[in-house]
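> Please work out how this folds:
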Amino acid sequence: MPKFIQISLLTIFSLFLYTNVFSQDVLYEESFTDGATTVDWFSAWNDSVGNPLTSMVALNETGPTDNWIGAVTGDTSTLVSLGSALGGSSDLANYSVEADVYVELNNTYYNGLMLRADTTEKVTGYQFVANFYAPYGSQKVRLRYFSQIQSEIRVLAEIQAADLPGGAPSEDGWHKMKVKAVGNKFWLYWDDQEINGSPFTDPEEAKSEGYFGVYVWDAFATTPPMVKVDNIVVREEGVYKE
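Okay, the predicted model is just below:
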């Protein structure tokens with residue numbers, strides 16, 4: 001076979017492989033433009049009488065790009081305060097989720113992203129969350145496997161704020177958080193820069209597929225904590241689980 005034909009066939013095969021195996025097609029987007037939501041959001045949790053908690057709402061408030069953002073408020077009817085908004089499909093496997101997340105330095109809550117979440121029998125999944133409350137003594141971001149059963153929770157990575165790209169935030173403001181999951185490996189990004197140590201590995205690969213979303217949690221809340229987000233984008237990363 002002539003050499004130029006070999007090269008052409010190789011190029012075509014490479015393009016086919018990239019398109020079908022390493023595709024980064026956008027699966028979902030949410031920017032809350034004009035107060036509308038495009039994702040069918042739902043809460044992972046119910047209240048004490050079995051009614052779903054409020055999930056994502058649009059707020060007419062200045063955000064990173066316009067005057068509309070999304071917000072999830074934690075429920076304070078239990079000993080801890082938590083809230084979530086999930087979307088997408090339960091069979092999403094290899095994908096990334098990113099969002100602009102509003103970071104506050106003087107509040108005790110953890111907030112951030114969820115992925116591969118499941119609510120079938122109990123709430124499980126993965127979380128990439130941040131907390132910069134200095135009195136806790138450890139400003140950080142954290143990747144963990146989450147379960148409603150406390151003993152099943154496993155921290156997979158904990159990065160101190162000083163080690164983040166750009167260093168620790170010095171004031172309240174918007175920061176882009178992103179996590180990419182392919183198989184049992186997770187890449188973390190802060191303000192569009194990959195965090196050192198990525199990819200992080202879950203040796204147990206406890207959850208291979210599930211919904212994406214956002215999360216807020218506070219063990220000491222006296223008023224309901226709120227996670228504010230904008231410009232959520234979910235992309236396919238690789239192939240779906242067969």
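
> Could you count how many residues lie near Ala206?
Neighbour count for Ala206, taken as other Cβ atoms under 10 Å: 17. In this view, the C-beta of every residue, glycine as well, is placed from N, C-alpha and C.

> Correct me if wrong, but it is in a strand.
No - the assignment for Ala206 (DSSP: H, G, I helix; E, B strand; the rest coil) gives coil, which keeps it out of a strand.

> isn't it right next to Thr124, touching?
Yes - with contacts counted by Cβ atoms under 8 Å, Ala206 reaches Thr124, the gap being 7.2 Å.

> Quick check: neighbours shared by these two?
Common neighbours of Ala206 and Thr124, using Cβ atoms under 8 Å, 6 or more residues apart in numbering, are Tyr145.

> Okay, buried residues for stretch 126-135 please.
126-133 (16 or more other Cβ atoms under 10 Å).

> Same check on stretch 51-65?
Applying a neighbour-count criterion of 16+ other Cβ under 10 Å, one finds 53, 55-59, 63 buried in stretch 51-65.

> Then stretch 160-179?
Neighbour counts over stretch 160-179 (16+ other Cβ under 10 Å) mark 161, 164, 169, 174-179 as buried.

> Centre of the chain to it, how far?
15 Å (Cα atoms, centre = their mean, to the nearest Å).

> who's in contact with that stretch?
Contacts of stretch 160-179 (Cβ under 8 Å, 6+ apart): 63-64, 96-106, 112-113, 115, 126, 128, 130, 132, 138-141, 143, 186-196, 230-231.

> Select only the buried ones of those in PyMOL?
To isolate the buried ones among the contacts of stretch 160-179 in PyMOL, judged by 16+ other Cβ under 10 Å, type:
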select buried, resi 63+96+97+98+99+100+101+102+103+104+105+112+113+115+126+128+130+132+139+140+141+143+186+187+188+189+190+195+230+231
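
> now, which of the contacts of stretch 160-179 lie within strands?
Residues of the contacts of stretch 160-179 located in strands (DSSP state E): 96-103, 112-113, 115, 126, 128, 130, 140-141, 143, 186-190, 193-194, 230-231.

> quick one on the thing from earlier: quick check: the farthest pair among the buried residues of stretch 126-135?
Using Cβ to Cβ, the buried residues of stretch 126-135 span at most 22.4 Å, a distance reached by Tyr126 and Tyr133.

> Surely Cys227 is in contact with Asn111?
If you look again at residue 227, you'll see it is Val, not Cys. Yes - Val227 lies in contact with Asn111 (Cβ under 8 Å); the separation is 3.8 Å.

> Could you pull out the residues contacting both of the two?
By Cβ under 8 Å, 6+ apart, the residues touching both Val227 and Asn111 are 101, 214-216.

> Keeping just the C-alphas, turn stretch 38-48 into PDB.
Provided in PDB are the C-alpha atoms of stretch 38-48 (Å, rounded to 0.1, in the frame of the first residue of the first chain):
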ATOM      1  CA  THR A  38     -33.100  24.000  31.300                       C
ATOM      2  CA  VAL A  39     -32.200  21.000  33.400                       C
ATOM      3  CA  ASP A  40     -34.900  19.000  35.200                       C
ATOM      4  CA  TRP A  41     -33.600  19.400  38.700                       C
ATOM      5  CA  PHE A  42     -34.600  17.300  41.700                       C
ATOM      6  CA  SER A  43     -33.400  17.000  45.300                       C
ATOM      7  CA  ALA A  44     -31.600  13.900  46.600                       C
ATOM      8  CA  TRP A  45     -33.400  14.100  49.900                       C
ATOM      9  CA  ASN A  46     -36.900  14.300  51.300                       C
ATOM     10  CA  ASP A  47     -38.200  16.200  54.400                       C
ATOM     11  CA  SER A  48     -39.400  14.400  57.600                       C
END
